[in-house]
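Novice: Here is my input, please return the structure:
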Amino acid sequence: MFRKFVYLLALAQERHFGRAAERCHVAQPTLSNAIRQLEADLNVPIVERGQKFGGFTPEGLKVLDYARRIVAERDNLHHELQALAQGVSGHLRLGAIPTALPVIPQLLPPFAARFPHIRASVTSLSSREIQRGLDEFTLDAAVTYLDNEPLNNVRTLPLYSERYYLLAQRAHLDEATLAQGAMSWEAAAGLRLCLLSPDMQNRRIAETAFRMTGRVVEPVLETNSIVTLYTIVRGGHCASVVPGQLLTCVPPRPDLVALPLVEPDLSYVVGLAYADRDPPPQLAKALAVALADDDIGQRVAIATAAALTPWRLALS
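Specialist: I've put the predicted structure just below:
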C-alpha cells in the first residue's frame, strides 16, 4: 500500500503517467497498474482517465491528502530513528519568499555547523506556494511573512522585520526630496515604478500602502525577482519599492539612492514556518533549534543595519 501512495504522489506532482513513472524509476504500466490496484483496494475511482491524465476525482483528492500525511510521517519516523543512531541527517527542503533570499546566507551557516550531516536545498516561492508546500509536505520549512496574510497549521519563529525603500536614480529626484532623506508612499505613487508581480505578497503589501494614501498604482513593469528590480532601476528605466534586505546585497552607487518609505511607516515580520505536527518534522525542528539558539534574529538585525549604513550616508 505504501508504495502505491508514493506512486500516487509522484503522479500528483508530475500530472503525467510517463513522467511520474520516470520519477519513481519504474515502467509506466507498473505505476498505472499500482494505482488501479489502489482504486480496487479502496473501491473508489482516484484518477480521471482519458487520452491522458485528467486530474483526480473528489475521492482521489481525499486519498491524495491521506497519502501525503502517511508518506510525510514515514519520512519523519525515518529521520528520528536515524537521529538516534547517528545524529540528525537528511535533506532539508526549504522554501523562501524572494524578498527573504538575501537573508538565507545568514541562516544556513549556524545550522550547518550544528547539523553537518543535513544537506539543504532552497527554492524561491510566493507565500501562497509556500503555504501549499507546507500543507502538501513538499517543503520541510520556509522563510516567509508571519503577520500579514495568515498562515495555517504552522509553528513559527520570528527572524526579522522587513521595511521598505524607494530605490531610484538620483537624477530622477529633486534636491528637496533628497534633502528630506525619506519619501512618502503618496509621493512614490507619482513615479514610474517597477514592482514585484501580483502573486507576490510584497506587491500586495505595497498596494495596501498606496491605497492607505488614496493612491492606486499601475507599474510600468512587473517581475517576480528582486534582483531584476535592482537591475531595472540601475538601468534608469524606472524606480522601485524594495525591501531593505535587497540593499544588503548590493553596494551603494553614486547614481542611485534608497529612501525609506514613510507615511505610513510599515514593517512586517519575516520568520521560519514549519508544519504544526506532533512530533514536529525532525529536519524543520533542527533548523528552528539552531536558529533560536544562535539568536539569529539579533544577528540579522545587526548585519542589516551595518549594510544599510553606506546607503544612508550616500544621501548626505
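Novice: Just name the shakiest helix or strand of this protein by mean pLDDT.
Specialist: helix 58-86 (a mean of 71; mean pLDDT, DSSP states H and E).
Novice: Next SSE downstream of it?
Specialist: strand 90-96 (DSSP states H and E).
Novice: Pairing partners for that following strand, with directions?
Specialist: strand 118-124 (parallel), strand 141-145 (parallel) (DSSP bridges).
Novice: Okay, domains of the chain per the record?
Specialist: 2-79, 88-160+268-307, 162-266+308-313 (automatic domain parsing).
Novice: Return the member of those having the minimum mean pLDDT.
Specialist: Lowest mean pLDDT within those: domain 2-79, at a mean of 82.
Novice: Show me what the biggest strand by length in the chain is packed up against.
Specialist: The longest strand of the chain (DSSP state E) is strand 154-169. Packing partners of strand 154-169 (3 or more CB pairs under 8 Å, 6 or more residues apart in numbering; DSSP states H and E): helix 201-212, helix 226-234, strand 239-243, helix 244-247, strand 256-262, strand 267-275, helix 282-293, helix 296-313. Heads up, the C-betas are built off the backbone N, CA and C, glycines and all.
Novice: Could you tell me which strands it is paired with, and in which direction each runs?
Specialist: strand 239-243 (antiparallel), strand 256-262 (antiparallel), strand 267-275 (antiparallel).
Novice: Any chance of those strands in TSV with mean neighbour count as columns?
Specialist: Formatted as TSV, those follow (neighbours: other CB atoms under 10 Å):
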stretch	mean neighbour count
strand 239-243	26
strand 256-262	21
strand 267-275	20
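Novice: Put together CSV for these, with distance to Q201 on each row.
Specialist: Formatted as CSV, those follow (distance: least, CB to CB, whole Å):
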stretch, distance to Q201
strand 239-243, 11
strand 256-262, 16
strand 267-275, 9
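Novice: Please name whichever of those strands is nearest to C24.
Specialist: Nearest of the strands paired with strand 154-169 to C24, taken as CB to CB: strand 267-275 at 24.0 Å.
Novice: chain center to that closest one: distance?
Specialist: 10 Å (CA atoms, centre = their mean, to the nearest Å).
Novice: Stretch 256-273 too?
Specialist: 17 Å.
Novice: again, but for stretch 3-18
Specialist: That offset, for stretch 3-18, works out to 24 Å (CA atoms, centre = their mean).
Novice: got it, and stretch 171-181?
Specialist: The chain centre lies 34 Å from the centre of stretch 171-181; the measure is CA atoms, centre = their mean.
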